[in-house]
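*Asks:* next come a sequence and a model predicted from it.
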Amino acid sequence: MSTASMRQPRNENGINTYRRIVEAALEVLATRGWRHASVAEVAERAGVTRGAVQHHFKDREGLFTAAVQHIMDERIRRIEALQDVDRAPGTGTREIVHTVVELHQGQAFTAALQLCMAAADDPVLRSRVAAMELEVGARGFWALIELLRLDGKEQKVRTTVQAFLDSARGLGLAGILNDDSRRRAQVTDRWVEMLDELPRFG
């Protein structure tokens with residue numbers, strides 16, 4: 001993301017205010033959609049002035065892009081944190097795969113989808129979102145390969161992991177339209193089996 005679009009806070013109060021703003025922005029974007037999401041409503045939900053929002057973000061696009069960047073970073077951190085979880089033997093792949101799929105559900109995913117849809121028709125926003133998607137996508141891809149101890153040099157490993165991540169996104173979209181939890185669980189279990197068949201280290 002361009003540093004011209006946002007100012008990172010340095011003190012604790014600023015960090016807390018920044019977090020409240022981006023979380024409020026995420027909620028507004030998910031519930032109101034890109035067209036109707038406003039800086040004023042974000043400020044109201046965050047309990048801050050509009051000036052406080054403008055102190056951290058240069059423009060509306062920067063505000064909502066930062067909100068989605070924030071939740072995507074949180075998603076990657078949650079995936080990476082699975083490295084430190086103690087699991088019963090034979091349960092690792094299942095827990096990791098189900099976690100990744102569930103991270104593509106709910107309000108956060110809906111907000112990210114709203115931003116991507118808006119970016120399709122806005123050249124300036126598109127460049128910001130495309131860069132963010134590439135960065136976060138690569139981090140998530142390699143974090144998953146490392147977690148599953150897969151051989152990332154193998155073409156079959158790379159294409160299968162990417163197909164799984166694409167499927168997780170598709171399941172997220174299906175979950176927006178209907179209660180798809182039963183089918184989602186079945187598809188996820190099948191992905192566990194396929195990923196377990198891939199070449200591993202050690």
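*Replies:* Yep, that arrived.

*Asks:* number of nearby residues for residue 128?
*Replies:* When counting by other CB atoms under 10 Å, one arrives at 22 neighbours for residue 128. Just so you know, the C-beta spots here come from the backbone N, C-alpha and C atoms, and that holds for glycine as well.

*Asks:* how near is it to residue 63?
*Replies:* Distance from residue 128 to residue 63, counting by CB to CB, to the nearest Å: 12 Å.

*Asks:* find residues that contact each of these two.
*Replies:* Between them, residue 128 and residue 63 share no contacting residue under CB atoms under 8 Å, 6 or more residues apart in numbering.

*Asks:* what packs against whichever strand or helix holds residue 22?
*Replies:* Assigned by DSSP states H and E, residue 22 belongs to helix 12-36. Counting contacts by 3 or more CB pairs under 8 Å, 6 or more residues apart in numbering; DSSP states H and E, helix 12-36 packs against helix 39-46, helix 50-56, helix 60-81, helix 106-119.

*Asks:* quick one: closest of the ones you listed to residue 147.
*Replies:* With CB to CB as the criterion, residue 147 lies closest to helix 60-81 of the helices and strands packed on helix 12-36, at 6.9 Å.

*Asks:* which helices and strands does the helix or strand that the closest one is followed by pack with?
*Replies:* Using DSSP H and E, the helix or strand that follows helix 60-81 in sequence is helix 92-102. For helix 92-102, the packing partners by 3+ CB pairs under 8 Å, 6+ apart come out as helix 60-81, helix 123-147, helix 155-177, helix 181-196.

*Asks:* let's see 7 Å
*Replies:* Where contact means 3 or more CB pairs under 7 Å, 6 or more residues apart in numbering; DSSP states H and E, helix 92-102 is packed against helix 155-177, helix 181-196.

*Asks:* contacts for the helix or strand of the chain with the lowest mean pLDDT next, please.
*Replies:* Using mean pLDDT, DSSP states H and E, helix 60-81 stands out as the lowest-scoring helix or strand of the chain, at a mean of 85. Contacting residues not belonging to helix 60-81 are listed as 1, 5-6, 22, 25-26, 29, 37, 39, 42, 53, 57, 100, 103, 108, 111-112, 115, 124-125, 128-129, 132, 136, 139-140, 143-144, 147 [CB atoms under 7 Å, 6 or more residues apart in numbering].

*Asks:* buried ones among those?
*Replies:* 5-6, 22, 25-26, 29, 37, 39, 42, 53, 57, 100, 103, 108, 111-112, 115, 125, 128-129, 132, 136, 139-140, 143-144, 147 (16 or more other CB atoms under 10 Å).

*Asks:* for residue 68, see how far away the closest residue in space to residue 29 that isn't next to it in sequence is.
*Replies:* Closest residue to residue 29 apart from its sequence neighbours, by CB to CB, 6 or more residues apart in numbering: residue 111 at 4.3 Å. Residue 111 sits 6 Å away from residue 68, going by CB to CB.

*Asks:* then residue 61?
*Replies:* Distance of residue 61 to residue 68, given as CB to CB: 11 Å.
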